[in-house]
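Asker: predicted model, plus sequence, below.
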Amino acid sequence: MNLVRWLLLPWWATTRAMQIAIGALLGLILLTFGAIAVFHYIQHSSMPDSADMLSIINLLVWALLLPNLLVLARDARALRLPALEREAVISLGVYAILFIVAPSLLFNPPGFTTAQFMLALSLCAGIGMAYMCLPGYFALVIVIGWLLYDHAGKALGWPQIGQAGSTTWVLPTLILLLLAIAWSWRRVLHNAVSASSYNAPMILKFRNNAWNNRSAGIGNNGGSAMIRQRPNWMLSQPDLRRCGPEYPQHSLRLAMGGMFMPLTVTSRLRQCAFFVLPSLLFVAVMMLLSLQNHHGDGALSLWKAGGFAALVWGGGFGASMLAFACLMQLAMRWRSANAELPLLTLLPGLPAGERGKHALLRAILIPALRWQLALWLVLLCCMIGLHLSKSSDVFLLLTPLGAMGFTIAFVLLIVGGKLPRPWASTALGIFGCVLINVSLFIPALNDTSTMRIGGGSLLELLAAAWIVLGSVLLWLGYRGWNGVVQRRHLFLPS
Amino acid sequence: MSAMIRERESATTAALDASGLVHCYEGSNALCGVDLRLEAGSVLGLIGRNGAGKSTLIRAMLGLIEPLSGSAFVLGEPALKLSDAVKARIAYVPQQPEALAWLTATQMFDYLSRFYPRWDRGFVLRTLDRWQIPANRVLAKLSPGERQRVDLIRALASQPELLVLDEPAAALDPVARRDLLREVALRAGEAGATVLFSTHIVSDLERVASDIAFLHQGRLLLHCPTDDTKERYARLWLPANESASAPDVALSRHGHPDGSVSLVVERDAGGRWPKAAELPGARIDALGLEDLFVEIAE
């Protein structure tokens, strides 16, 4: 039965690891939708409409599952299997009918005409597909575009998706996305781009094992494959001036590489620019729109809602991302037997014993924590500017502190050779992630003090969860510290 | 007390001294009580199949991993607690080196030269030029062969007294391999360096190794001077009717479909082959190093 084959084709074209990730994500979405339904039932409020849910599902299916057909088509062409290459395209068509045309005809969400709903779903599908089929830097364009639509569009009075007149901008955007996807599809099919190139579509980079750390990626030893993919002008320039036995901490940081490495001033500025420029771009766009709009208080509230929210989210998520990057990098360093560990073990001139252990911990923790601390301070400034409720302030400020707690505890565990089993680390990571996300959402919820879940209020439950997380991290940190003290030397692989 | 005596003894003679090393990975034994002593000034070739435990043995002997049991001494000091003075006399090149991928070769040498008191900058420049390595390209962007050569230069530039190379020729082309072997022979011959290197390539062993050690499934099966192997080991073939008389002690034993047996046997202290060699129909075949390796490893 060809139809079944076309439906299963993207699943077959997906790697096992990706299949597990998709399965987990779908499970999470179902749980989220279930939780939303329960929440709305408890609050006696109306359910989110089917249009939103279908849009999210479309976005995820076209971003996670269907781009694998591009890889399949490329491989089919390389293997001289034109029928399979055709089937990949047909499969795309089948999914378009199933996920865009059919829902548009079957469902009739309030406020949408069939054509408008079909366009809205197509736009979500196009965004998802473009995200994976275009080079990574297009993701930024997509995110900025979405923020412009979400924040500035409302202020400028652009017709929102589904409203009369929205076709004037949805249709051209959709056509642009489809043209970009077609261009990328053709480029990949004709082998005009290598998976290791900086311009490679995201799906090829994922397929190149960049995402699961097998041969590349953030946690890989120094990200060798990641370094290979970067053009020379994007490579970090190490500051070699203060290296040698007289500067153990600086030397150790250089040997750790990545985010720990001391950089030259130019290189540090360039690195900062990569992180700061997109944020500044967003802020500048928001300010410009506010000025053009001349809405007075409206613009001010827009600025507060958009700009400050971005800073708060950046602060909260930024600290978590920093912790994740630092720990992944370190875990791989302490797992790799052919890399820096043997070199550092046999390097003369580094301090030994307790002095050596302290120098190493300082070399690792200071670079990781100082950025997290900086983000915490940014967050603190935002708190002052936003005048939020006390509970929101407390929970928002806890988010970077939680990330710092994770960093300290897991650094000690990795270096001390006491890392828990992967399932335990993952479970704790997920718990921490959920807690940080929920805490970040607190200011967005109205009247949190009266929200009740089960027997207690939401805030009491959150506070209890933070206490549990803090206690677990404290215990893990103590366990890690014991490992550090007991180890014969700290460069033994975990 | 005995450890102290052992330490003192090791300090006098052995460059590397391991006894009773046991280690395992995820439940499977990598080393099963290995004893190995490497005398100063010798060139020991460590040979064995993939997964035999060569790299693990080298790492345990240098204190790069903590074995489950057993002890290892490097130039007389416990491997897990080496002083700076001893570290400055050792160089180790791992299999497929990956260290400091974010630096260029020039930056890496600049960095490391500050730690080694006897760093030979001239050698670095000469060899980089001779081996035509792009010194200003980050190591991650070099080919595996170039990366291995950079690491070999790094190891040799510190003018070590003990040079440990884990499959150093794995990624090298024949020209570079010959260059490396010449360098190793030169270091051992002229500078009196002690060298331990693991390899699959038997011809490399024959060319430079003064001693060989054969590791098989985590056990050291033989350790002797390279020149002695032909004299000391041979294949004993016994016909089917005499197969029951095969000696119990043998390095390997293979039964054939016709009922005959072949074994790798060793001369005893008096230089005699096992008695079974005198049985009617029995045959002793001399073995080259490669044949010996294949016979044992199969």
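Answerer: Yep, that arrived. Just so it is clear, the structure is predicted and the values come from calculations on it, not from any experiment.
Asker: tell me, please, the helix or strand in chain B that averages the lowest pLDDT.
Answerer: Lowest on mean pLDDT, DSSP states H and E among the helices and strands of chain B sits helix B:2-12, with a mean of 51.
Asker: CA atoms only: put stretch A:484-494 into CSV for me.
Answerer: C-alpha atoms of stretch A:484-494 as CSV (Å, rounded to 0.1, in the frame of the first residue of the first chain):
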residue,chain,number,x,y,z
VAL,A,484,37.7,15.8,44.4
VAL,A,485,39.4,15.5,47.8
GLN,A,486,39.8,11.7,47.4
ARG,A,487,41.2,11.7,43.8
ARG,A,488,44.9,11.0,43.3
HIS,A,489,44.9,13.7,40.6
LEU,A,490,42.1,15.5,38.9
PHE,A,491,42.9,14.7,35.3
LEU,A,492,41.7,11.1,35.6
PRO,A,493,38.8,10.5,33.2
SER,A,494,35.3,10.1,34.7
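Asker: is it positioned near chain B?
Answerer: Yes: Stretch A:484-494 reaches chain B (C-beta under 8 Å from any C-beta of the partner chain) through A:488-489, A:491-493. Quick note: C-beta positions are derived from backbone N, CA and C, even for glycine.
Asker: tell me which residues in that stretch are buried?
Answerer: Neighbour-count burial for stretch A:484-494 flags A:484, A:487, A:489-494 (criterion: 16 or more other C-beta atoms under 10 Å in any protein chain shown).
Asker: same check on stretch B:246-258?
Answerer: Buried-residue list, stretch B:246-258, by 16+ other C-beta under 10 Å: B:246-247, B:250-253.
Asker: same list (the residues you listed) but as CSV, adding distance to chain A and pLDDT.
Answerer: Listed next are the buried residues of stretch B:246-258 as CSV, based on distance: C-beta to the nearest C-beta, whole Å; pLDDT from 0 to 100:
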residue, distance to chain A, pLDDT
B:246, 41, 82
B:247, 40, 84
B:250, 34, 83
B:251, 30, 84
B:252, 30, 84
B:253, 34, 86
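Asker: who's in contact with residue A:133?
Answerer: A:67, A:70, A:181, A:184-185, A:188, A:201-203 (C-beta atoms under 8 Å, 6 or more residues apart in numbering or on different chains).
Asker: 10 Å instead?
Answerer: For residue A:133, the contact set (C-beta atoms under 10 Å, 6 or more residues apart in numbering or on different chains) comprises A:62-63, A:66-67, A:69-70, A:177, A:180-185, A:187-188, A:201-204.
Asker: quick one on the thing from earlier: so which of the residues of stretch A:484-494 next to chain B is the closest to residue B:152?
Answerer: residue A:491 (21.6 Å; C-beta to C-beta).
Asker: hang on, the closest one in a strand?
Answerer: No: Residue A:491: not assigned to a strand; according to DSSP: H, G, I helix; E, B strand; the rest coil it is coil.
Asker: hmm, residue A:350 and it touching each other?
Answerer: Yes: applying C-beta atoms under 10 Å as the test, residue A:491 and residue A:350 come out as touching, 9.3 Å apart.
Asker: which neighbours do these two share?
Answerer: By C-beta under 10 Å, 6+ apart, the residues touching both residue A:491 and residue A:350 are A:255, A:344, A:356, A:360.
Asker: would you map out the domains in the chain?
Answerer: Since no chain was named, I'll use chain A. Annotated domains of chain A cover A:1-173, A:253-494 [automatic domain parsing].
Asker: oops, chain B please
Answerer: With automatic domain parsing as the reference, chain B has domains B:2-95+B:159-217, B:227-297.
Asker: re the thing from before, ok, then the element right after the least confident helix or strand of chain B?
Answerer: Downstream of helix B:2-12, the first helix or strand assigned by DSSP states H and E is strand B:14-25.
Asker: any idea which of the domains of chain B is most buried?
Answerer: domain B:2-95+B:159-217 (a mean of 19; mean count of other C-beta atoms under 10 Å in any protein chain shown).
Asker: can that one be said to contact chain A?
Answerer: Yes: Domain B:2-95+B:159-217 is in contact with chain A by C-beta under 10 Å from any C-beta of the partner chain, via B:55-56, B:58-59, B:62-66, B:74, B:78-95, B:160, B:164, B:166.
Asker: which residues of the stretch 151-298 of chain B fall in strands?
Answerer: Counting by DSSP state E, counting those that start in this stretch, the stretch 151-298 of chain B has strands at residues B:162-166, B:194-199, B:211-216, B:219-225, B:233-238, B:252-255, B:261-266, B:283-286.
Asker: what's the angle from the fifth one to strand B:219-225?
Answerer: Here strand B:233-238 runs at an angle of 120 degrees relative to strand B:219-225 (axes from the mean of the first three to the mean of the last three C-alpha atoms, to 10 degrees).
Asker: from residue A:185, how far out is the closest residue to chain B within the stretch 1-150 of chain A?
Answerer: Chain B sits closest to residue A:136 of the stretch 1-150 of chain A, with a gap of 18.6 Å, by C-beta to the nearest C-beta. Residue A:136 is 17 Å from residue A:185, where distance means C-beta to C-beta, to the nearest Å.
Asker: the two: who's more crowded?
Answerer: Shown here are residue A:136 and residue A:185; by other C-beta atoms under 10 Å in any protein chain shown, residue A:185 has more neighbours (21 against 14).
Asker: element containing the more buried one?
Answerer: Assigned by DSSP H and E, residue A:185 falls in helix A:167-189.
Asker: kindly report the same for residue B:98.
Answerer: Using DSSP H and E, no helix or strand contains residue B:98.
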